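Novice: Dropping a prediction and its sequence here:
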Amino acid sequence: MSEKLYLVAYDITSDKRLAKVRKLIYSYALGGQKSALEVPLDKKSLKELVEKLKPLIHNNDKVNIIQVEEDALLFGRADMIEYDKGVIIV
């Protein structure tokens, strides 16, 4: 399956649920800034992430999962992260 890069941004109102959401999303992420992370996902992983997020999200919370286009506009020090499947970036 082909992976696509997504930007996952979240705003969770409960500190307890925030910790769970952060841990879950960081387990898929390449990197990012605080509550906006770059996450490579194939269709199966995307569905899995969404299903795991559903029970953690309440009405006042917000999670956006946005597919990054290949021709993303990058400014300043921003750069596309190159990765090889199976490589762990720390």
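Specialist: The structure has been received and is ready for your questions. Since the model is a prediction, treat every value here as computed from it, not as a measurement. Numbering: from 1, shown residues only.

Novice: mind checking pLDDT for L74?
Specialist: Listed pLDDT for L74 reads 62.

Novice: Same question for S45.
Specialist: 94.

Novice: my guess is it is in a helix, correct?
Specialist: Yes: judged by DSSP: H, G, I helix; E, B strand; the rest coil, S45 forms part of a helix.

Novice: Which residues are in contact with it?
Specialist: S45 makes contacts with E3, Y28, as judged by Cβ atoms under 8 Å, 6 or more residues apart in numbering. In short, each C-beta sits where N, CA and C put it, glycine included.

Novice: how about a cut-off of 10 Å?
Specialist: For S45, the contact set (Cβ atoms under 10 Å, 6 or more residues apart in numbering) comprises M1, E3, Y6, Y28, V39.

Novice: Okay, now the sheet partners of the helix or strand bottoming out on mean pLDDT in the chain, with direction.
Specialist: Using mean pLDDT, DSSP states H and E, strand 31-33 stands out as the lowest-scoring helix or strand of the chain, at a mean of 76. If you go by DSSP bridges, strand 31-33 pairs up with strand 36-41 (antiparallel).

Novice: For this structure, just list every one of the helices.
Specialist: 15-26, 43-53 (DSSP state H).

Novice: Show the pLDDT at V50.
Specialist: The model's pLDDT for V50 equals 93.

Novice: Tell me, how many residues neighbour the residue lying closest to it once chain neighbours are set aside?
Specialist: Residue nearest to V50 in three dimensions, not counting chain neighbours: I65, with 7.3 Å by Cβ to Cβ, 6 or more residues apart in numbering. Applying other Cβ atoms under 10 Å, we find 16 residues neighbouring I65.

Novice: Spit out the contact partners of I65.
Specialist: I65 touches Y6, L7, V8, A9, Y10, I25, V39, L41, L46, L49, V50, L53, counting by Cβ under 10 Å, 6+ apart.
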